[in-house]
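1. For reference, the sequence and a predicted model appear below.
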Amino acid sequence: MALAEALGGGLSLITLVLTNNPIADDGLAAIASSFATSSALARLEVSNCNFREQGAIALARCLASSNCHVASIDASGNAIGGRAVNLLLRALCDNTTLTELAIAVPPINGVGPDVECLLQRENARGTWTGTPNWARIPS
């Protein structure tokens, strides 16, 4: 939570890497609300940070904010659930600065493993391509 306070206090970070830190839902929510008002952060890496649906929903809300200028997010390796994936994808439609998002997409109808997926913006109109990363499918 101290990091979130520092981000909210005008600290200028371009990249924040928290990979493999167990910040969970509350930690990601605090960080997301802090950088929603900061235009400096361009890349956020929160892979394998033990957050779930509520953390991802907080991240989606941040992305939907007109003040959020993050260009790249790696949120892979977290069990975020279908509802949160839908909210993240909806936020991507409105956020024009985000060009790359890595997430774990849950199985359709609960069948099969999560698939790590990298979404990349192809052009200014917001056309996205999704590429499953089969080498990173969780076991």
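-> Structure received.
2. Quick one: mean pLDDT over the lengthiest helix in the chain.
-> For the chain, the longest helix by residue count, based on DSSP state H, is helix 81-94. Averaging the model's pLDDT scores along helix 81-94 yields 78.
3. buried set for it?
-> The neighbour-count criterion (16 or more other C-beta atoms under 10 Å) identifies 81, 84-85, 87-89, 91-92 as the buried residues of helix 81-94. No exception for glycine: its C-beta is placed from N, CA and C like everyone else's.
4. what helices or strands is it leaning on?
-> Contact partners of helix 81-94 among helices and strands, from 3 or more C-beta pairs under 8 Å, 6 or more residues apart in numbering; DSSP states H and E: helix 53-64, strand 100-105.
5. The residue nearest to Thr97 when sequence neighbours are not counted and Leu44: what is the separation?
-> Closest residue in space to Thr97, ignoring its immediate chain neighbours: His69 at 4.8 Å, by C-beta to C-beta, 6 or more residues apart in numbering. Applying C-beta to C-beta, to the nearest Å, one obtains 11 Å for the distance of His69 from Leu44.
6. Alright, that wraps it up for me.
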